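In: structural data only, the sequence is not supplied:
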């Protein structure tokens, strides 16, 4: 049997929803366990006192990347069937800036705000309400945004394409960057703890 | 987590990541193994059970019933497709088949002129992992003989009448005659 299981018809959309629910709950639980539901911990990033988010994100990226690469290589995963989000350079830069501003102001990102809300934190609930409000406003005002929404489309644009490197070389490069980042993060945290 | 010394396991994880990351440089493309794989035994069993094809009359029923998620695919040349094709069919030539996108829940019915190319296309799509693929065994000839001009006995059984009605639905002309006549026509069939 090969993955993605849903793409190859191993289960239908009903089962896919159940699987998504289980994976989503596990994701939330892991975020909460690593302390990501706390805005205090998250804003530690910006003061360089606690770089847990950086380490967690890079761990997740490296784990998923190595898993996808090697499972694809041994033929258990068909990477051509894995959805790659398309790139729109300017709209995504603008979106990233807004996201970053919200993250710095509120201390939580969309995923962690859901975790914070689920564990009963008031700031999490306020951010979730703000997020849905923002989605609603964007939807209602979409016709004003529509032209900007479609500029600088690059389609599915990946690092191997951008860097003109083989897939495996990019995997090695990202792994190396992550390991250096882990070491640097520990060093910075150690300096602040001392 | 706090207070427990996890530096040993973290170091081990870092080493595993480094080994897998460095190995990736030499491993080649991860897509190479994703070009489709053939489970010969499974495909052979499917063929043995005759679960690999549909008859023209079955296909005609599916189309008339508007059975959901059925895609009829013509793998012949564009010129042939433009001259005549089975209603609802879409044109995807053999060399584009690997790039075509189907959903896993779709039933794909392939046909060519005589059936040979469609049978090959069936193997290709099964190798790409699509679970519900069929082909029209004797191709467009079977469609023309059995749906567009079926032979109906002078005293038709209810089944024969149903086929005649199906034929008229597609604009066919059922004719009264012996089954033998179509058998001769089948012998004259060319390759694929």
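Out: Alright, I've got the coordinates. Since we're looking at a predicted model, the values are computed, not measured.
In: which non-adjacent residue is nearest the closest residue to chain A within chain B?
Out: Relative to chain A, the nearest point of chain B is residue B:21 (2.8 Å; CB to the nearest CB). For glycine as for every other residue, the C-beta is placed from the backbone atoms N, C-alpha and C. Spatially, and ignoring its direct neighbours in sequence, residue B:21 is nearest to residue A:175 (2.8 Å; CB to CB, 6 or more residues apart in numbering or on different chains).
In: the residue of chain B closest to chain A and residue A:178, how far apart?
Out: Per CB to CB, to the nearest Å, residue B:21 is found 8 Å from residue A:178.
In: list residues touching both of these two?
Out: Listed as contacting both residue B:21 and residue A:178 by CB atoms under 8 Å, 6 or more residues apart in numbering or on different chains are residue A:62.
In: what's the spacing between residue A:33 and residue A:27?
Out: From residue A:33 to residue A:27 the distance is 11 Å (CB to CB).
In: neighbour count winner among those two?
Out: residue A:27 (14 against 11; other CB atoms under 10 Å in any protein chain shown).
In: okay, and the more buried one sits in which element?
Out: Using DSSP states H and E, residue A:27 falls within helix A:13-33.
In: first-to-last residue distance for stretch A:31-40?
Out: Stretch A:31-40 has an end-to-end distance of 14 Å (criterion: CA to CA, to the nearest Å).
In: all the helices of the chain, residue numbers only.
Out: You didn't pick a chain, so chain A it is. For chain A, applying DSSP state H gives helices covering A:13-33, A:39-43, A:52-73, A:89-106, A:110-118, A:122-140, A:142-149, A:159-163, A:167-193.
In: not quite, I wanted chain B
Out: Using DSSP H, helices in chain B cover B:7-27, B:40-48, B:56-64, B:78-83, B:116-127, B:139-143, B:158-169, B:179-187.
In: distance to residue A:73 and mean pLDDT for those - can I get that in CSV?
Out: Output for those, formatted as CSV (distance: least, CB to CB, whole Å; pLDDT from 0 to 100):
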stretch, distance to residue A:73, mean pLDDT
helix B:7-27, 5, 90
helix B:40-48, 22, 85
helix B:56-64, 39, 93
helix B:78-83, 37, 90
helix B:116-127, 18, 91
helix B:139-143, 39, 93
helix B:158-169, 50, 90
helix B:179-187, 48, 42
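In: look at the residue lying closest to residue A:6 once chain neighbours are set aside and say how many residues are nearby.
Out: For residue A:6, ignoring the flanking residues on the chain, the nearest one in space by CB to CB, 6+ apart is residue A:16 at 4.9 Å. Counted with other CB under 10 Å, residues neighbouring residue A:16 total 14.
In: same check on the one 3 residues further on?
Out: For residue A:19, the neighbour count with other CB under 10 Å is 13.
In: number of residues surrounding the closest residue to it other than its chain neighbours?
Out: Excluding the flanking residues, the one nearest residue A:19 by CB to CB, 6+ apart is residue A:11, at 7.3 Å. Close neighbours of residue A:11, defined as other CB under 10 Å, add up to 14.
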